[in-house]
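Student: Quick check, what structure comes out for this input:
(chains A, B, C and D)
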Number of protein chains: 4
Amino acid sequence: MKTTDIITRIQTLGDAAIDSPLASRSQGGYTQNFVSDDRRIAYNVDPEKLAADLKTHGTVPGFESAGPRKKIYFDPSKLKCAIVTCGGLCPGLNDIIRSVALELHHCYGVRHIYGMKYGLQGFIPQYGHDTVDLTPDYVSQIMDMGGTVLGSSRGTQDMDDILDCLERMSIGILFMVGGDGTLMAAKKITDKIKERNLKISVIVIPKTIDNDIFLVSRSFGFDTAVDISTNAIKGAHNEAAGYPFGIGLIKLMGRHSGFLAATAALAQQDANFVLIPEIDIDLYGPSGFLTALETRITQRKHAVIVVAEGAGQKFFTDQATEYDPSGNIRLKDIGVFIKNEITQWFNEKQIPVTLKYIDPSYMIRSLPANANDSVYCGFLGRNAVHAGMAGKTGLLISHWNNHYVHIPMEASAGKRKQVDPHGRLWQSVLEATGQGSLVNG
Amino acid sequence: MKTTDIITRIQTLGDAAIDSPLASRSQGGYTQNFVSDDRRIAYNVDPEKLAADLKTHGTVPGFESAGPRKKIYFDPSKLKCAIVTCGGLCPGLNDIIRSVALELHHCYGVRHIYGMKYGLQGFIPQYGHDTVDLTPDYVSQIMDMGGTVLGSSRGTQDMDDILDCLERMSIGILFMVGGDGTLMAAKKITDKIKERNLKISVIVIPKTIDNDIFLVSRSFGFDTAVDISTNAIKGAHNEAAGYPFGIGLIKLMGRHSGFLAATAALAQQDANFVLIPEIDIDLYGPSGFLTALETRITQRKHAVIVVAEGAGQKFFTDQATEYDPSGNIRLKDIGVFIKNEITQWFNEKQIPVTLKYIDPSYMIRSLPANANDSVYCGFLGRNAVHAGMAGKTGLLISHWNNHYVHIPMEASAGKRKQVDPHGRLWQSVLEATGQGSLVNG
Amino acid sequence: MKTTDIITRIQTLGDAAIDSPLASRSQGGYTQNFVSDDRRIAYNVDPEKLAADLKTHGTVPGFESAGPRKKIYFDPSKLKCAIVTCGGLCPGLNDIIRSVALELHHCYGVRHIYGMKYGLQGFIPQYGHDTVDLTPDYVSQIMDMGGTVLGSSRGTQDMDDILDCLERMSIGILFMVGGDGTLMAAKKITDKIKERNLKISVIVIPKTIDNDIFLVSRSFGFDTAVDISTNAIKGAHNEAAGYPFGIGLIKLMGRHSGFLAATAALAQQDANFVLIPEIDIDLYGPSGFLTALETRITQRKHAVIVVAEGAGQKFFTDQATEYDPSGNIRLKDIGVFIKNEITQWFNEKQIPVTLKYIDPSYMIRSLPANANDSVYCGFLGRNAVHAGMAGKTGLLISHWNNHYVHIPMEASAGKRKQVDPHGRLWQSVLEATGQGSLVNG
Amino acid sequence: MKTTDIITRIQTLGDAAIDSPLASRSQGGYTQNFVSDDRRIAYNVDPEKLAADLKTHGTVPGFESAGPRKKIYFDPSKLKCAIVTCGGLCPGLNDIIRSVALELHHCYGVRHIYGMKYGLQGFIPQYGHDTVDLTPDYVSQIMDMGGTVLGSSRGTQDMDDILDCLERMSIGILFMVGGDGTLMAAKKITDKIKERNLKISVIVIPKTIDNDIFLVSRSFGFDTAVDISTNAIKGAHNEAAGYPFGIGLIKLMGRHSGFLAATAALAQQDANFVLIPEIDIDLYGPSGFLTALETRITQRKHAVIVVAEGAGQKFFTDQATEYDPSGNIRLKDIGVFIKNEITQWFNEKQIPVTLKYIDPSYMIRSLPANANDSVYCGFLGRNAVHAGMAGKTGLLISHWNNHYVHIPMEASAGKRKQVDPHGRLWQSVLEATGQGSLVNG
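Tutor: Numbering: from 1, shown residues only, chains lettered A, B, ... in the order given. This is a model prediction of the structure:
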């Protein structure tokens, strides 16, 4: 594994020399269980690879374990913290904000916790966005709302402007909640902080509705998105089953990865075809998608298709590539494309299909987190605070092999997790749908 | 009122001469409360109009009250019934099927209850659809599923074929669940039955997700649709509030009436603009929609817009009219149109809006009914059975001024309920949104 | 009807001489539709009764129609309003608070809207509760939370203290949200205001999870309570069906009326027995409940029983009557009693039943309102504001025959709506459960 | 770890010599990814322990990886399978049944899949329970219902009777879904099968709402139970916050472990005290629970307490121990006990608390699984089928360090997972509640 050598290199701002206030809570018999900086969580769980690693390196690769440290770096009485949410909405953003604010306030006694408005814009004077004072009162019920109470924005901002703002505000820890773009920005901010020789910790809590952040086994909000997507699939199934030759077609988010489409399709096992960016298919030909769909429709009278938004982009090669303001490629609308292809196919075959197209779009990301995600966000927020208070920086909080860990930004930034065509998730989709390869010869 | 003279002319197949089996349940102190055929529910509740009617007609107009009759027409031991669901899906279809089947079976002792598959297609031999035996076991848990276990279809079928099928199957009561098209078909079937001198009762349980059936104060499934639409609006609100100059645009069903859009917009009062078919607006000009939206956006930094699918069709006059297989006009996509207009407007003004478009489409109609609709469907189904067993025919079951009533098909068919611009619903939308007239000079 | 002569006697504080600010919103083509003080909604909808009334009284009894008046009494620029929530929690309290505050602020331009904390305690100096400034910002998202942001309390307080507080705060309109006790208190406050010759309007928005307020066809929050109760019944059904001789027993709220138990039982038609305060039953004997249950259990192998908390209080006559702090009789626990009786009965019969007892208790009243209730609360709140602004007082806002109306407090206070044993609700429960009379001989 | 030597000893019925039908699905480019019998998932993820294990044993302990095998033992065309659900209800039972049935039918081509009714009773002739034919049609929508379509029962049955039944029915694979008692029974059945020299595979899918099965990181249904419990806590929080000196007390399931109470308490972080079986507390004294509660109540005016049903059983030592039919100790009702203690304490202190007690009881386990649990159940069911088809026996399907594995029955049976007082879950509860030790000096 190439990342072996970097995955435990967590940067620190300096010696953590102050007793954690959590220690003083250990009165009357209750013992706070601090986590040592040496504690690791193995990167992989394959005994053979572990043995090989041990033989070669004298150790097995592992991530630094997250959790409260006995000694902290920052003096809570003087510390100022900021939190910012960036990029697209995601269920749980308010849970993260609340968890960070409550942990800082109640457990560490930090009294200055600022919410930056509208993502990175919040740092830039020209936008004139106020900051929000994240008191326990302010955050107490925000988890019942979807979205983010701080607002968000896309795109990056001038790094020096951001740094100037952090300096002016005397921020000690900056919590950044965002996706891959935010991770890149966070890395740059961390580097700039080093250049300026500042003592500011930058902690990223990774966010993506697509669940595709590298070295993060599961993103917060993903489970809620699966919940909501499952309902869309249920609806599509009912529409399909409700008409002779009924077809339900659902488009779900997933720009570069099909985790959401694949997982939601497994929830009720109602889907007969799942199309994701990682798996190539043919539209036409004897094993192609349309032939397979026709077989299904004529034999079983209805069919349900789940397509991830990033699937089948190869079908648009004749169209010019466009970019959004953040520089991302604008995906072509595969949902509408497939819908039209299906309609035309069955028109020609004179099979009177009834196709119902459902695109829940932003509904899957803009509602409040479910209980599972709320619990998860609580852990992520608390661990982010522990990391920051200990003077660690340049890291993201991750969940790996069932444990919370610190991942150096450089180990994850710019990479992407994808559905493994040979892994259990996709193999299960194949078992559940019976869709076959959908590729000719 | 023009309909005065026809609204109580409920047809019957003949004398109801058999004691209702419900009577025998009245043992041990419990008394079944039968409804007399003379019982009426006043058409309107305005005392002045009532007094005027009384003066003029010697009576006030009212609908025949629904409910169990002391004497019934059909002999339960020999009766065969059929139920069919037609047109688009609607939450509660399975509740209706279940309620009709259980009431026939448990309360009247009817043992032959057939479900016709895929709407009116189910009557036509060439489609080869089987019928379903609607036993208590079969229907016991179907209300937990959305859609219809019987399937549905659009469009009409040959009337004589349908009649032949009814005769072949010896059906005594035909329950038809469907919208305006179904009501028309039901009327024709009723007329044909009379022509053939058959003794078949036809009872319609009106269904529409748009809540626009004439002389029906509320359609089943509408409340569930409002529930789900409300979530879409919540999501859109969170998207809008989540970005600087954020706009959330939601399209909801409503071909000719804006009940769903208006009601859902009132649930959370998050919407700032509601556009419905009944209310004309201007896009441009000093009081036009886009100017009003710009004012809102610049002042309050975000806006939420709910648009019914049938709104603003005047903007498409340059496009050719198209029809769907049932002969309905294909509506142009006002959601996408408005989205593009907004985008262009703010591009020109160089205001960097972030617009998120949500179209829950079929999700609002394909999921199971909520508790409120389930209760309502139970009442509709039971009252449909009471009406049929009493030998009544050519009617639909309605809810009016808080009571269940019989409406003659001819009083409702071909007409449509719409949002009254001067009524409380729309006036409340105006109060809640503050949107003004959106019409120039 | 005895109340005929009083049901339209709405008190006013004086001439409504100021043009409603709503009028000025009628620019650009949109016309505000004001409601005349003479508009009535007929008390009943039975044409025969209507004709008889007209003959006797020269008019039919009706309630004053709610809605905005062209002329208002209070000057919005100087007006101060207060709102208080009293008694038990109910879904929709925050929706009511929000609706009242937003309507006062946005539509009438009132700028001083105070929330009184913890019910009537909020008026009494010795408790030292602060008031809350109900700005649009404060109320914007409160409907997503259950409970009441203002807090509540039980019991009454000294009337003169309350009056003194209203005078000190210069309150012009007091909105009181509460049940029958609150209605009584509101009536006393209104009388005291008259005695002191003050110009304070008192408007009650009736609240009860039991849906039993007289002359109010439906209480806000009731639909949400039915939703949640339905889930409890579903669970109980699954438990009952999940075991041989399984019995699911659910206790639901309903001190004096069984609306909740009866309605929730109809939602899924899973209940086999519904016991409510209005309907007497025998436990033992050939037609008694336990015999009927045994018959059901031996024939069908499982049974579901819904019991309202106020049912069967006659079984506790040997126990001393106790009172709660508000002076209400403490009900004996019928759920546990029935559970024990069932267990003992089947133990003696050596039938190995598995009984699962579910008491959702406060869960049905402490969660946020569903969409239907939210819409309803919006109407109630807006109409309360219209009534108060017009200088009306001593009334409650009600929904009657599908219209919003004003009910004089004295017409409703101290009375109670109950399930009519001969009405459609209970008859439908009998049809759906087939439970019979459960009374011997 | 004592179990090192046994955790991979998976028994088999004989050589798996038949090509898996899954292989033939690998046409047209798609490759089925079979799992080798040698594949392991490391038991722990602590690199130091791994290194130590490797040094000592020459290998690291690990579980056999679950998944489809290239060669299978049973001939699908002749195989008969049975599935049985035992013990208490749990969300997801129907998902498991469906997943097993669909995988057997569609992927392996097995045509005889029987559901045994009412748990182990289903095998015993004297009960006369029919079996259910689990066709794809029968199972297609059962996941929308809670409970188990097969029914369940408690307690064990005569082993020889069960074996006789399996022989009579020629069952090849028996899938047992149940908790620790079922695991014990399954082990005995497996042993008896060996004694009789039969070729019957026994596969357990572990079920417990308490999430306390040894060597299983998460039980299906647990996430759904957390969801529902979270709602109960929300309600209790609203009740507590809604009254001056309001206390919300919730009792949740958890006989011997507090996973549910602890996890649900973290979802919204509304709880101030969490009491679980694993953590001892004092009621009285300076650090005792009641003193801590009083401090909280006087300072913050409200408090929320979550208590697991198995907590505080030491307070009942003066009461006689009772047992249920299965031989389990009947727990004393800690919820009611704590409620009374609190009431008495504050009565004596003359602090007018308002205590609301919520016990969702069976509601948390009898409703349908959420999407997350549905996905999980799908994986468990499919892996159970893979294991059985490969001729493996005497194992349970588990999830460990994010992978699906085979656990030998003897490694888990009779043991129990508990909340680790020094682990992250409980430490997080302490951070989130700030409740301290609640133990005196």
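Student: Number of residues surrounding A:Thr59?
Tutor: A:Thr59 has 15 neighbours, counted by other CB atoms under 10 Å in any protein chain shown. Heads up, the C-betas are built off the backbone N, CA and C, glycines and all.
Student: pretty sure it contacts D:Ala52?
Tutor: No - A:Thr59 is beyond contact range of D:Ala52, at 12.0 Å (criterion: CB atoms under 8 Å).
Student: list residues touching both of the two?
Tutor: With contacts taken as CB atoms under 8 Å, 6 or more residues apart in numbering or on different chains, A:Thr59 and D:Ala52 have no neighbour in common.
Student: Now name the helix or strand holding whichever residue of the stretch 251-400 of chain A sits closest to chain C.
Tutor: Residue of the stretch 251-400 of chain A nearest chain C, by CB to the nearest CB: A:Pro368 (7.9 Å). Using DSSP states H and E, A:Pro368 maps to neither a helix nor a strand.
Student: Could you double-check that it lies in contact with A:Met145?
Tutor: Yes - counting by CB under 8 Å, A:Pro368 touches A:Met145, with 6.2 Å between them.
Student: residues shared between the contacts of those two?
Tutor: By CB under 8 Å, 6+ apart, the residues touching both A:Pro368 and A:Met145 are A:Asn94, C:Asp144.
Student: Show me what counts as buried in stretch A:349-362.
Tutor: Neighbour counts over stretch A:349-362 (16 or more other CB atoms under 10 Å in any protein chain shown) mark A:Val353, A:Thr354, A:Leu355, A:Lys356, A:Tyr357, A:Ile358, A:Asp359, A:Pro360, A:Ser361, A:Tyr362 as buried.
Student: does A:Ala303 sit in a helix, a strand or a coil?
Tutor: Assigned with DSSP: H, G, I helix; E, B strand; the rest coil, A:Ala303 falls in the strand class.
Student: So it sits against A:Ile247, correct?
Tutor: Yes - between A:Ala303 and A:Ile247 there is a contact under CB under 8 Å: 5.3 Å.
Student: Could you name every residue contacting both of the two?
Tutor: A:Ala240, A:Leu293, A:Ile297.
Student: Any chance of JSON lines for those, columns pLDDT?
Tutor: Below are those laid out as JSON lines (pLDDT from 0 to 100):
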{"residue": "A:Ala240", "pLDDT": "97"}
{"residue": "A:Leu293", "pLDDT": "97"}
{"residue": "A:Ile297", "pLDDT": "96"}
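Student: Keep only those residues that also lie close to chain C.
Tutor: Among these, no residue sits close to chain C (CB under 8 Å from any CB of the partner chain).
Student: which of those lies closest to B:Val216?
Tutor: For the shared contacts of A:Ala303 and A:Ile247, the residue nearest B:Val216 by CB to CB is A:Ala240; the value is 28.8 Å.
Student: Quickly find the element holding the closest one.
Tutor: Assigned by DSSP H and E, A:Ala240 falls in helix A:222-241.
Student: quick one: is the helix or strand following that helix near chain D?
Tutor: Per DSSP H and E, helix A:222-241 leads on to strand A:246-252 as the next helix or strand towards the C-terminus. No - Strand A:246-252 does not reach chain D (CB under 8 Å from any CB); its nearest approach is 12.8 Å.
Student: And the next helix or strand past strand A:246-252?
Tutor: Counting by DSSP H and E, what follows strand A:246-252 is helix A:259-268.
Student: can you give me the angle that following helix makes with helix A:222-241?
Tutor: With axes from the mean of the first three to the mean of the last three CA atoms, to 10 degrees applied, the angle from helix A:259-268 to helix A:222-241 works out at 60 degrees.
Student: And the contacts of helix A:259-268?
Tutor: Counting by CB under 8 Å, 6+ apart, A:209-212, A:222, A:225-226, A:229-230, A:232-234, A:237, A:252-254, A:271, A:274-276, A:306-308, A:311, A:364, A:417, A:419, A:425-426, A:428-429, A:432-433, D:143, D:371-372, D:374-375, D:378-379 sit against helix A:259-268.
Student: Looking at those, which are in helices?
Tutor: In helices, defined here by DSSP state H, the members of the contacts of helix A:259-268 are A:222, A:225-226, A:229-230, A:232-234, A:237, A:425-426, A:428-429, A:432-433, D:371-372, D:374-375, D:378-379.
Student: Find me the pLDDT at the residue most central in space within chain A, would you?
Tutor: By CA atoms, centre = their mean, chain A has its centre lying nearest to A:Thr208, at 2.7 Å. For A:Thr208, the pLDDT comes out at 96.
Student: Spatially nearest residue to A:Tyr138, not counting backbone neighbours?
Tutor: A:Val132 (7.0 Å; CB to CB, 6 or more residues apart in numbering or on different chains).
Student: what about the one you found, how many neighbours?
Tutor: A count of nearby residues for A:Val132, using other CB under 10 Å, gives 19.
Student: name the element it belongs to?
Tutor: Assessed by DSSP H and E, A:Val132 sits inside strand A:131-133.
Student: from the chain's centre, how far out does that strand sit?
Tutor: Strand A:131-133 sits 25 Å away from the centroid of its parent chain (CA atoms, centre = their mean, to the nearest Å).
Student: Sweet, I'm off.
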